[in-house]
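Novice: Sequence and computational prediction follow.
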Amino acid sequence: MLRATRVVLAIALTLCLFPAPVAHGKPLPWKGDFSSNTPYEPQQDLSTYEPPPPGYALVFTQLVARHGSRALTSAKDIGYTLQLIAHAHAADALTALGRELEPEVLSLEKANVALGYGNLSGRGVEEHQQLAARLLVRLPEFFVGGIQAGRRIHVVTSGKDRAVDSGNNFVASLEAHMPALTPLIDKPVTNTDLLYFHKAPQNKDYQEWLEDNQMLKAKTHEILYSARSRWYARRVLERLFSASFVDTLAAAGHGFSEPETGTPVARNEVDAVVSLYNLYVVAPGLRDEGTWRFERFLPTPFARWFAYLHDAEEFYQKGPSFAGATITFKMAQVLQDDFFNAVEAIRRGQSTLLAELRFTHAEIVIPFAALMQLPSSERQVPADQEYTYRNNAWRGALVTPYAVNIQWDVYANAAGDYLVKMLYNEREMPFKAACRSIREGSFYYRLLLPLRRGFYYRFDELKRCYGYE
């Protein structure tokens, strides 16, 4: 116990050097302007978690986490924006504010090239280092006991660089804060079927649907190029360029070339601001690489609309999507099975793992959350309606920020009864509504919210409500 206490104090001191704001049992303010490019922040104070019922001890923990903050995945949006500025410069159509845009974009380009497109930023490295450190603070006795018992930690990644690097930084933090774990951590393995399933051959139906489904194309096109989108885009662009130049751009005949291939593409005013928005949202994740003020060019009310456009695309292409459809999330069954199988193996004595750590991408976490029907991740929209912020709680900033993580802690008592508690972005989270948590021993249920379920679920109950019986 003394050793575990020392570990907690040492890690807490480290976290003080890299503070991350947390809420005391309440959600942090929604930073929705950045959609799924929102840098990570834990959503609950470590000291406010519901304790396990008497007689239960932690026997296993597992998680899946998205990679941390990163550079742009390609030079496309930088290229488009620089082309737009060049066209405007040639037409003598730049405003005073518009002339300030090019240096900002060139500075961002330099940082992305130096970092490497798609690679983790310094903030992305730190997000996973701190996530690992908080895991040890939360469960110190568990990890000390695991060391004494020689239990191993399994690490799995998608095999993509930013996921591999996230896993490596997570593991390095575990080892730095608790060196005795080092010989117990297995070398990371790659499993694309599990953690990059959206591109796997067995999900060709999804890939074809994404490419060819006319209902999907019509709905996303309708939202992206709505009259309101065009209105917002004009307001943004008229601050940077002359009205006549924006008129020309709005006619969709500007004929910008694809920066990476040279292939001509039609760009209109909405597309132009989408590219600017993509530069705006990547900047906070690159705070260690530079300082940019893209909010000068895309003020919050406008950025929020383009965040909605990004969320709408993610919602339909990867999330709950159309009512009655399962194409976007049924492929996540392999990951849900992996979570359940890991717990079952512990219960049957077929595994002695201490922890299972998985590192992946938004394309995996979004459908996984939808399949599991987690709060704010599950509500679909009828095909004859539109996903909006008014009728649906799905938000990229909440469902899949950088380093988004879903953790299961597994407890057992002497009688062999197994309980599971879930954390979503380190906030205690109920399983889907069909699952019944335990009542007796639930701190929140007994004292604070009599009509609310607690956060501990019998594993057999989870198997029942998720169809594993």
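Specialist: Right, received. Where do you want to start? What you are looking at is a predicted structure, and each value in this text was computed from that prediction instead of being measured.

Novice: pLDDT weak spots in the protein?
Specialist: Residues of the chain meeting the criterion pLDDT under 70: 1-32, 252-257, 259-266, 439-453.

Novice: Give the partner strands of the lengthiest strand in it in its sheet and their orientations.
Specialist: Criterion DSSP state E: the longest strand present in the chain is strand 57-66. Take DSSP bridges as the rule and strand 57-66 pairs in its sheet with strand 355-360 (parallel), strand 405-412 (antiparallel).

Novice: got the contact list for the nearest residue to residue 122 once chain neighbours are set aside?
Specialist: Excluding the flanking residues, the one nearest residue 122 by CB to CB, 6 or more residues apart in numbering is residue 288, at 3.0 Å. (Glycine included, C-beta is placed from N, CA and C.) With contact taken as CB atoms under 8 Å, 6 or more residues apart in numbering, residue 288 is in contact with 121, 122, 123, 126.

Novice: Any of these buried? List them.
Specialist: 121, 123, 126 (16 or more other CB atoms under 10 Å).

Novice: Closest one of the contacts of residue 288 to residue 397?
Specialist: Lowest distance from residue 397 to the contacts of residue 288 (CB to CB) belongs to residue 123, with 15.7 Å.

Novice: and that closest one, what element?
Specialist: helix 122-138 (DSSP states H and E).

Novice: So which elements touch that helix?
Specialist: Helix 122-138 sits against helix 2-17, strand 57-66, helix 161-177, with contacts defined as 3 or more CB pairs under 8 Å, 6 or more residues apart in numbering; DSSP states H and E.

Novice: try 6 Å this time
Specialist: Applying 3 or more CB pairs under 6 Å, 6 or more residues apart in numbering; DSSP states H and E, one finds that helix 122-138 makes contact with helix 2-17, helix 161-177.

Novice: ok, and for it, which residues are buried?
Specialist: 123-138.

Novice: Which SSE is immediately downstream of it?
Specialist: Downstream of helix 122-138, the next assigned helix or strand under DSSP H and E is helix 140-149.

Novice: ok and the helix or strand following that following helix relative to helix 140-149, angle-wise?
Specialist: Remark: after helix 140-149, the chain's next helix or strand is strand 153-157, criterion DSSP H and E. If you take axes from the mean of the first three to the mean of the last three CA atoms, to 10 degrees, strand 153-157 sits at 110 degrees to helix 140-149.

Novice: Residues touching strand 153-157, excluding its own?
Specialist: The contact list for strand 153-157 (CB atoms under 6 Å, 6 or more residues apart in numbering) reads 163-164, 167, 184-186, 188-191, 353-359.

Novice: any idea how far the one residue sitting closest to the centre of the chain lies from residue 156?
Specialist: Nearest to the centroid of the C-alpha atoms of the chain, with distances taken as CA atoms, centre = their mean, sits residue 400, at 2.5 Å. Distance of residue 400 to residue 156, given as CB to CB, to the nearest Å: 19 Å.

Novice: residue boundaries of the strands in this structure?
Specialist: Using DSSP E, strands in the chain cover 57-66, 153-157, 189-190, 355-360, 405-412, 418-424, 427-429, 457-458.

Novice: Return the most buried member of the ones you listed.
Specialist: A comparison of the strands of the chain by mean neighbour count, using mean count of other CB atoms under 10 Å, puts strand 355-360 on top with a mean of 26.
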